[in-house]
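Trainee: sharing a model prediction with you, sequence too.
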Amino acid sequence: MKLVILDRDGVINQDSDAYIKTLEEWLPIPGAIDAIARLSRGGWTVAVATNQSGLARGYYSPDVLEAMHQRLRALVAEQGGDVGLILHCPHGPDEGCDCRKPKPGLLRRIGAHYGVPLDGVWFVGDARGDLEAALAAGCQPVLVKTGKGPRTLEKPLPAGTLVFDDLAAVADRLLARECTR
């Protein structure tokens with residue numbers, strides 16, 4: 001199985017320091033939906049691992065979060081693709097869970113769900129916590145320059161981190177890599 005794991009806010013959709021609290025605020029980053037659909041059509045399983053502490057903070061409900069994910073699935077399906085497992089951490093930063101990135105719990109659950117070892121699986125994020133979670137889970141850390149990506153680039157990145165302009169560029173690389181095998 002070819003598995004790629006994506007962070008959500010700042011990678012797939014626009015991010016906000018004030019949180020994405022409504023379906024209307026959930027706006028895809030240009031090219032992201034197409035990138036997911038292309039990966040899916042190319043035989044990749046695309047999973048999502050996202051921190052959603054806005055749930056713990058009461059900024060939005062589980063139903064609103066589910067509506068955002070249904071919109072994501074519908075937009076990708078319109079382009080002939082599929083989104084696999086979407087897992088979220090509903091906890092606040094001080095709750096001590098094992099699923100909130102930079103901890104690797106969400107990534108490990110995705111690997112277990114698919115029965116895939118995570119060694120070398122690309123985890124695409126825009127924040128340092130994403131990169132740290134990737135390393136902790138044995139994934140290949142991949143940073144995109146969307147969302148918090150430009151801020152993340154202001155400090156040294158973990159060794160071996162791959163950097164791309166956006167999710168479309170990540171998809172281009174993964175799909176091209178398959179053609180050269």
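Mentor: It's in. Numbering: from 1, shown residues only.

Trainee: please make it C-alpha for all contacts and neighbour counts, starting now.
Mentor: OK.

Trainee: could I get the CA-only coordinates of the helix or strand of the chain with the lowest mean pLDDT as CSV?
Mentor: When the helices and strands of the chain are scored by mean pLDDT, DSSP states H and E, helix 167-179 comes last with a mean of 90. The C-alpha coordinates for helix 167-179 follow below in CSV (Å, rounded to 0.1, in the frame of the first residue of the first chain):
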residue,chain,number,x,y,z
LEU,A,167,0.5,20.1,-1.5
ALA,A,168,0.4,20.1,-5.3
ALA,A,169,4.2,20.0,-5.5
VAL,A,170,4.2,17.1,-3.0
ALA,A,171,1.7,15.2,-5.2
ASP,A,172,3.8,16.0,-8.3
ARG,A,173,6.9,14.5,-6.6
LEU,A,174,5.1,11.4,-5.3
LEU,A,175,3.5,10.7,-8.6
ALA,A,176,6.7,11.3,-10.6
ARG,A,177,8.6,9.0,-8.2
GLU,A,178,6.2,6.2,-9.1
CYS,A,179,6.8,6.7,-12.8
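
Trainee: for that helix, which residues meet the burial criterion?
Mentor: Using 16 or more other Cα atoms under 10 Å as the test for burial, helix 167-179 gives 167-171, 174-175.

Trainee: so Asp94: helix, strand or coil?
Mentor: What DSSP: H, G, I helix; E, B strand; the rest coil gives for Asp94 is coil.

Trainee: and if you look at Asp130?
Mentor: helix.

Trainee: could you measure from Asp17 over to Ser53?
Mentor: 12 Å (Cα to Cα, to the nearest Å).

Trainee: re earlier: so how far is the least confident helix or strand of the chain off the chain centroid?
Mentor: 16 Å (Cα atoms, centre = their mean, to the nearest Å).

Trainee: ok, now stretch 133-145?
Mentor: 10 Å.

Trainee: who are the contact partners of the closest residue to Cys89 other than its chain neighbours?
Mentor: Spatially, and ignoring its direct neighbours in sequence, Cys89 is nearest to Asn51 (4.8 Å; Cα to Cα, 6 or more residues apart in numbering). Asn51 makes contact with 88-91, 100-101, according to Cα atoms under 8 Å, 6 or more residues apart in numbering.

Trainee: just want the phi and psi numbers for Asn51.
Mentor: phi -80, psi 130 (degrees, to the nearest 10).

Trainee: ok, and what's touching the least confident helix or strand of the chain?
Mentor: Helix 167-179 is contacted from outside by 11-12, 31-32, 34-36, 38-39, 42, 144, 164, using Cα under 8 Å, 6+ apart.
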